[in-house]
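Novice: need coordinates for the following:
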Amino acid sequence: MSVLDVGCFDGFYAFLAERRAAEHVVAIDNEQYRLWVASRWGVELRGGEGFRAVHRLLRSAVEYRRMDAFALDGLEERFDLVYCFGILHRVENPLGLLRVLRGRTVSGGMVLVETYGISPEDRNDPAIRIFEPRRFTRATSSSTGGSATMACGGLRRSPARRDQSAPRDGGFRRIRCRLMPTLIPDPLPAEVEALLQRRREWGADHHDEVWEGVLHMSPPPSPRHELLVTQLITLLQPLAKAKGMAALGAAGIGVTDDHRVPDLTLLRPPAVQWNPTAALAVEVLSWREPADKKLGFYAAHDVDELVIINPDQRTVRWLELREGAYEPVQRSGVIDLGPAELADRIDWDPFPVEPEDR
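Specialist: Residues are numbered from 1 along each chain as shown. Below you'll find the model as predicted:
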């Protein structure tokens, strides 16, 4: 495999690719980081100084070239895998850079991009939004660069086109975006403690979960998600009441330092803040935190049934706990309902919602 590391800095990923048996690795950097280091710490670096030091220590064969990313068009070489980490959000023409990277990728190869500002709610939109000068507004900042969300995307090069006009996706056949979580070990910085306190005061922590001592802070649900959960409460509350139970949203299952918060929970009395178990839990699928990751937790806490709803596919999976594992069923043993009937009762599009609000 041949690998190109664009904006390599000290070469960590280039050397890692070599360590993992890449046959040919080229690393480039325009060395503008020297100006940033000098302005922030007053330290004058020679270009490529850190890279060359590690290169000598490892006796590496990685090729280093001082080159701007946009100069890659001058190369004749193409690569199976191209890294571009921490660069895309720093250039004036990000879509142009994607086209350059595509040009240096073999047919069927991949570009792996790390950047800021791709919102989870915009997964069906273009990978990059281009705005005219002075049109970068508060309303769009959360999805175009003002967000602290980190995204990592794999972009696979498409075969050559007869029409050479550049498409809005930079010419890639497939684009995948993934969140990269941030883990902050104890003790927490004062700024993080202040953030958690503000979330508690605002009531923004109702859907936060703790997974074996690790806090998972959830963003506010989208309007579509909330409307769906509201429908579910309305549909399931009478059925739950008929069985002597209550249908509650944001009710925790588990204990303080290890709990999950389903979108909807059917509880037998008495219901408390942290419930040891539940009769039924409902999870509305989100790409941020797939519900399947919670199956083991719910099984360990003897949750009788689990309902997983996929709004995009308009499907309902109904699972029943049997001998420590969940198996699909066509009729609930907890309430008088089944997956097909529930799917028919749900209004999947209660009102038109723009893609960025999904």
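Novice: for the chain, which segments count as helices?
Specialist: Assigned by DSSP state H, the chain shows helices spanning 12-19, 33-41, 49-58, 94-103, 138-144, 190-202, 223-242, 295-300, 339-345.
Novice: list the buried residues in the second one.
Specialist: Along helix 33-41, these residues count as buried under the neighbour rule (16 or more other Cβ atoms under 10 Å): Arg34. C-beta: built from backbone N, CA, C; applies to glycine.
Novice: where does this structure dip in pLDDT?
Specialist: For the chain, the stretches with pLDDT under 70 are 116-171, 173-182, 287-291, 351-358.
Novice: and it, what are its domains?
Specialist: The record's domain parsing of the chain by automatic domain parsing lists 2-179, 210-357.
Novice: of all those domains, which one is nearest Val192?
Specialist: domain 210-357 (9.7 Å; Cβ to Cβ).
Novice: one step back: of all the helices of the chain, which one comes closest to His259?
Specialist: helix 295-300 (8.8 Å).
Novice: show me what the closest one is packed against.
Specialist: strand 252-255, strand 315-322, strand 325-328 (3 or more Cβ pairs under 8 Å, 6 or more residues apart in numbering; DSSP states H and E).
Novice: returning to that earlier point: can you redo the helices of the chain as JSON lines with distance to Leu112?
Specialist: Converted to JSON lines, the helices of the chain look like this (distance: least, Cβ to Cβ, whole Å):
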{"stretch": "helix 12-19", "distance to Leu112": "9"}
{"stretch": "helix 33-41", "distance to Leu112": "20"}
{"stretch": "helix 49-58", "distance to Leu112": "20"}
{"stretch": "helix 94-103", "distance to Leu112": "10"}
{"stretch": "helix 138-144", "distance to Leu112": "21"}
{"stretch": "helix 190-202", "distance to Leu112": "29"}
{"stretch": "helix 223-242", "distance to Leu112": "30"}
{"stretch": "helix 295-300", "distance to Leu112": "30"}
{"stretch": "helix 339-345", "distance to Leu112": "37"}
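Novice: closest one to Ala71 among those?
Specialist: If we rank the helices of the chain by Cβ to Cβ, the stretch that ends up nearest is helix 94-103, at 8.7 Å.
Novice: could you find the closest non-adjacent residue to Gly252?
Specialist: Of all residues not flanking Gly252 in the chain, His259 sits nearest, at 4.6 Å (Cβ to Cβ, 6 or more residues apart in numbering).
Novice: picking that back up, need the domains of the chain in CSV (columns: distance to Pro185).
Specialist: Formatted as CSV, those follow (distance: least, Cβ to Cβ, whole Å):
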stretch, distance to Pro185
domain 2-179, 18
domain 210-357, 10
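Novice: one step back: which of the helices and strands packed on helix 295-300 is buried the deepest?
Specialist: Greatest average neighbour count among the helices and strands packed on helix 295-300 goes to strand 252-255 (a mean of 19), per mean count of other Cβ atoms under 10 Å.
Novice: distance of the residue lying closest to Pro220 once chain neighbours are set aside relative to Gln197?
Specialist: Spatial nearest neighbour of Pro220, chain neighbours left out: Ala204 (6.7 Å); criterion: Cβ to Cβ, 6+ apart. According to Cβ to Cβ, to the nearest Å, Ala204 and Gln197 sit 11 Å apart.
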